[in-house]
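In: build me a model from this:
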Amino acid sequence: MEPWPLKAEGQISVEDYAEAIRMHYRGSGSSRLLIPAVLFFFFLALVAQPLIRGASLFTPISAAVVIALTIVYLRIAPERAAKSALRDNPVAKAPISIEISPEGFSASTQFGTSNLPWSLFVRRKQSDNLLLLYQNESLFHMVARRWFASDALWHDTLRLVGEQVSASPPKTMRERLVFVLMWIVILAGIAAAFLQGARTL
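Out: Sure thing, here's the model as predicted:
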(Lines give C-alpha, C1' and ligand atoms only; values in the text may rest on other atoms or scores of the structure.)
Protein backbone atom coordinates (compact mmCIF):
# COMPACT_ATOMS: atom_id res chain seq x y z
CA MET A 1 0.00 0.00 0.00
CA GLU A 2 1.27 3.43 -0.94
CA PRO A 3 1.67 6.10 1.80
CA TRP A 4 -1.38 8.26 2.35
CA PRO A 5 -2.73 10.21 0.68
CA LEU A 6 -2.89 8.63 -2.78
CA LYS A 7 -2.49 11.42 -5.32
CA ALA A 8 -3.41 11.89 -8.96
CA GLU A 9 -3.83 14.78 -11.36
CA GLY A 10 -5.18 15.25 -14.84
CA GLN A 11 -7.99 16.71 -16.88
CA ILE A 12 -11.39 15.34 -17.90
CA SER A 13 -11.45 14.39 -21.59
CA VAL A 14 -14.40 13.90 -23.90
CA GLU A 15 -13.84 10.15 -23.68
CA ASP A 16 -13.84 10.29 -19.85
CA TYR A 17 -17.04 12.33 -19.77
CA ALA A 18 -18.81 10.12 -22.32
CA GLU A 19 -17.91 6.97 -20.40
CA ALA A 20 -19.11 8.59 -17.17
CA ILE A 21 -22.48 9.36 -18.79
CA ARG A 22 -22.82 5.74 -19.96
CA MET A 23 -21.90 4.44 -16.51
CA HIS A 24 -24.32 6.83 -14.81
CA TYR A 25 -27.32 5.76 -16.86
CA ARG A 26 -26.36 2.10 -17.12
CA GLY A 27 -27.99 -0.16 -14.57
CA SER A 28 -26.33 -2.91 -12.64
CA GLY A 29 -26.98 -6.63 -12.75
CA SER A 30 -30.12 -7.68 -14.59
CA SER A 31 -31.28 -4.05 -14.99
CA ARG A 32 -28.65 -3.68 -17.71
CA LEU A 33 -30.90 -5.82 -19.89
CA LEU A 34 -33.85 -3.45 -19.56
CA ILE A 35 -33.28 -1.28 -22.65
CA PRO A 36 -32.29 -4.24 -24.90
CA ALA A 37 -35.39 -6.10 -23.70
CA VAL A 38 -37.65 -3.12 -24.47
CA LEU A 39 -36.12 -2.73 -27.95
CA PHE A 40 -36.52 -6.47 -28.57
CA PHE A 41 -40.15 -6.27 -27.49
CA PHE A 42 -40.83 -3.45 -29.96
CA PHE A 43 -39.00 -5.40 -32.67
CA LEU A 44 -41.27 -8.39 -32.12
CA ALA A 45 -44.44 -6.34 -31.93
CA LEU A 46 -43.80 -3.88 -34.75
CA VAL A 47 -41.43 -5.73 -37.10
CA ALA A 48 -41.66 -9.50 -36.66
CA GLN A 49 -45.41 -9.73 -36.13
CA PRO A 50 -46.48 -7.79 -39.25
CA LEU A 51 -44.01 -9.78 -41.37
CA ILE A 52 -45.35 -13.08 -40.01
CA ARG A 53 -48.94 -12.03 -40.70
CA GLY A 54 -48.04 -10.90 -44.21
CA ALA A 55 -49.20 -7.34 -43.53
CA SER A 56 -48.02 -4.23 -45.34
CA LEU A 57 -44.26 -3.69 -45.23
CA PHE A 58 -44.64 -0.02 -44.31
CA THR A 59 -45.08 -0.58 -40.57
CA PRO A 60 -42.25 -3.10 -40.03
CA ILE A 61 -39.81 -1.13 -42.20
CA SER A 62 -40.67 2.14 -40.42
CA ALA A 63 -40.37 0.46 -37.03
CA ALA A 64 -37.04 -1.13 -37.95
CA VAL A 65 -35.70 2.27 -39.01
CA VAL A 66 -36.86 3.87 -35.75
CA ILE A 67 -35.29 1.08 -33.66
CA ALA A 68 -32.03 1.35 -35.61
CA LEU A 69 -31.95 5.14 -35.17
CA THR A 70 -32.64 4.71 -31.45
CA ILE A 71 -29.69 2.35 -31.10
CA VAL A 72 -27.44 4.75 -33.03
CA TYR A 73 -28.62 7.65 -30.87
CA LEU A 74 -27.89 5.74 -27.66
CA ARG A 75 -24.38 5.10 -28.96
CA ILE A 76 -23.51 8.66 -30.02
CA ALA A 77 -25.49 10.73 -27.49
CA PRO A 78 -22.90 10.45 -24.67
CA GLU A 79 -20.11 11.82 -26.89
CA ARG A 80 -22.28 14.71 -28.06
CA ALA A 81 -23.28 15.53 -24.48
CA ALA A 82 -19.65 15.29 -23.32
CA LYS A 83 -18.39 17.64 -26.03
CA SER A 84 -21.12 20.15 -25.22
CA ALA A 85 -20.43 20.01 -21.46
CA LEU A 86 -16.69 20.47 -21.82
CA ARG A 87 -17.14 23.25 -24.36
CA ASP A 88 -19.57 25.24 -22.24
CA ASN A 89 -18.39 24.50 -18.70
CA PRO A 90 -14.90 25.76 -17.76
CA VAL A 91 -15.10 24.04 -14.36
CA ALA A 92 -15.54 20.60 -15.95
CA LYS A 93 -12.49 20.94 -18.20
CA ALA A 94 -10.16 22.54 -15.64
CA PRO A 95 -7.06 20.56 -14.61
CA ILE A 96 -7.73 18.75 -11.35
CA SER A 97 -5.64 17.32 -8.52
CA ILE A 98 -7.10 14.70 -6.21
CA GLU A 99 -6.05 13.10 -2.94
CA ILE A 100 -7.55 9.94 -1.49
CA SER A 101 -6.99 8.69 2.04
CA PRO A 102 -8.83 6.71 4.72
CA GLU A 103 -10.27 10.04 5.92
CA GLY A 104 -11.88 11.02 2.62
CA PHE A 105 -11.64 12.44 -0.88
CA SER A 106 -10.14 15.80 -1.87
CA ALA A 107 -10.34 17.50 -5.27
CA SER A 108 -8.68 20.79 -6.20
CA THR A 109 -8.92 22.98 -9.30
CA GLN A 110 -8.29 26.66 -10.00
CA PHE A 111 -11.91 27.24 -8.99
CA GLY A 112 -11.65 25.79 -5.49
CA THR A 113 -11.09 22.75 -3.29
CA SER A 114 -13.46 20.13 -1.92
CA ASN A 115 -12.55 18.03 1.11
CA LEU A 116 -15.18 15.36 1.63
CA PRO A 117 -15.31 12.58 4.23
CA TRP A 118 -16.37 9.16 2.99
CA SER A 119 -19.59 9.41 4.96
CA LEU A 120 -20.90 11.93 2.40
CA PHE A 121 -20.74 9.42 -0.45
CA VAL A 122 -23.75 7.18 -1.00
CA ARG A 123 -22.36 4.82 -3.63
CA ARG A 124 -19.72 4.25 -6.29
CA LYS A 125 -19.54 2.95 -9.86
CA GLN A 126 -16.37 1.78 -11.54
CA SER A 127 -15.08 0.46 -14.83
CA ASP A 128 -11.62 -0.52 -15.99
CA ASN A 129 -10.74 3.13 -16.57
CA LEU A 130 -13.09 5.26 -14.50
CA LEU A 131 -14.40 5.63 -10.96
CA LEU A 132 -17.54 7.61 -10.08
CA LEU A 133 -18.13 8.68 -6.48
CA TYR A 134 -21.73 9.72 -5.80
CA GLN A 135 -22.79 12.29 -3.22
CA ASN A 136 -26.40 11.69 -4.27
CA GLU A 137 -28.19 10.00 -7.15
CA SER A 138 -27.25 12.72 -9.66
CA LEU A 139 -24.05 14.36 -8.33
CA PHE A 140 -20.81 12.44 -8.72
CA HIS A 141 -17.07 13.03 -8.77
CA MET A 142 -15.07 11.47 -11.59
CA VAL A 143 -11.65 9.83 -11.19
CA ALA A 144 -9.81 8.54 -14.27
CA ARG A 145 -7.26 5.74 -14.21
CA ARG A 146 -4.88 7.61 -16.49
CA TRP A 147 -4.52 10.38 -13.89
CA PHE A 148 -2.45 8.09 -11.66
CA ALA A 149 1.29 7.72 -12.01
CA SER A 150 1.02 3.91 -11.94
CA ASP A 151 -1.52 1.11 -12.12
CA ALA A 152 -0.56 0.19 -8.56
CA LEU A 153 -1.87 3.55 -7.30
CA TRP A 154 -5.10 3.06 -9.27
CA HIS A 155 -5.68 -0.38 -7.77
CA ASP A 156 -4.84 0.92 -4.28
CA THR A 157 -7.46 3.62 -4.83
CA LEU A 158 -10.09 1.10 -5.91
CA ARG A 159 -9.29 -1.07 -2.90
CA LEU A 160 -9.61 1.82 -0.45
CA VAL A 161 -12.77 3.23 -2.02
CA GLY A 162 -14.27 -0.27 -2.06
CA GLU A 163 -13.77 -0.44 1.69
CA GLN A 164 -15.35 2.97 2.28
CA VAL A 165 -18.18 3.35 -0.26
CA SER A 166 -20.84 0.82 -1.22
CA ALA A 167 -21.17 -0.15 -4.89
CA SER A 168 -24.91 0.53 -4.72
CA PRO A 169 -27.29 1.68 -2.00
CA PRO A 170 -29.84 -0.83 -0.72
CA LYS A 171 -33.06 -0.73 -2.74
CA THR A 172 -36.32 0.15 -1.03
CA MET A 173 -39.22 -2.29 -1.15
CA ARG A 174 -41.04 0.04 -3.56
CA GLU A 175 -38.06 0.15 -5.94
CA ARG A 176 -37.81 -3.65 -5.88
CA LEU A 177 -41.53 -4.01 -6.58
CA VAL A 178 -41.48 -1.54 -9.49
CA PHE A 179 -38.44 -3.30 -10.98
CA VAL A 180 -40.08 -6.75 -10.75
CA LEU A 181 -43.40 -5.52 -12.19
CA MET A 182 -41.58 -3.83 -15.07
CA TRP A 183 -39.84 -7.07 -16.00
CA ILE A 184 -43.10 -9.02 -15.71
CA VAL A 185 -44.77 -6.64 -18.17
CA ILE A 186 -41.86 -6.85 -20.63
CA LEU A 187 -41.64 -10.65 -20.50
CA ALA A 188 -45.42 -10.97 -20.78
CA GLY A 189 -45.36 -8.78 -23.86
CA ILE A 190 -42.61 -10.85 -25.47
CA ALA A 191 -44.48 -14.09 -24.68
CA ALA A 192 -47.73 -12.66 -26.11
CA ALA A 193 -45.93 -11.66 -29.31
CA PHE A 194 -44.54 -15.17 -29.74
CA LEU A 195 -47.93 -16.78 -29.10
CA GLN A 196 -49.67 -14.46 -31.53
CA GLY A 197 -47.05 -15.22 -34.16
CA ALA A 198 -47.46 -18.97 -33.58
CA ARG A 199 -51.24 -18.76 -34.12
CA THR A 200 -50.81 -17.07 -37.49
CA LEU A 201 -48.46 -19.75 -38.85
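
In: quick one: the helices in this structure?
Out: For the chain, the helices defined by DSSP state H occupy 14-25, 34-43, 49-53, 58-88, 151-164, 173-200.

In: average pLDDT across the third one?
Out: For helix 49-53, mean pLDDT is 66.

In: out of the helices of the chain, which is closest to residue 117?
Out: helix 151-164 (9.3 Å; CB to CB). Where C-beta positions appear, they are placed from N, C-alpha and C, glycine not excepted.

In: so what touches the closest one?
Out: Helix 151-164 is contacted from outside by 1-2, 6-8, 100-102, 118, 121, 124, 126, 131, 133, 143, 145, 148, using CB atoms under 8 Å, 6 or more residues apart in numbering.

In: same deal with stretch 93-106?
Out: Applying CB under 8 Å, 6+ apart, the contact partners of stretch 93-106 are 4-12, 86, 107-111, 113-118, 120-121, 133, 141, 143, 147, 157, 160-161, 164.

In: quick one on the thing from earlier: so of the helices of the chain, which one's packed in deepest?
Out: Mean neighbours per residue, mean count of other CB atoms under 10 Å, is largest over those for helix 14-25, with a mean of 18.

In: now do it against helix 58-88, angle only.
Out: Orientation check (axes from the mean of the first three to the mean of the last three CA atoms, to 10 degrees): helix 14-25 against helix 58-88 gives 120 degrees.

In: packing partners of helix 14-25?
Out: helix 58-88, strand 130-134, strand 140-144 (3 or more CB pairs under 8 Å, 6 or more residues apart in numbering; DSSP states H and E).
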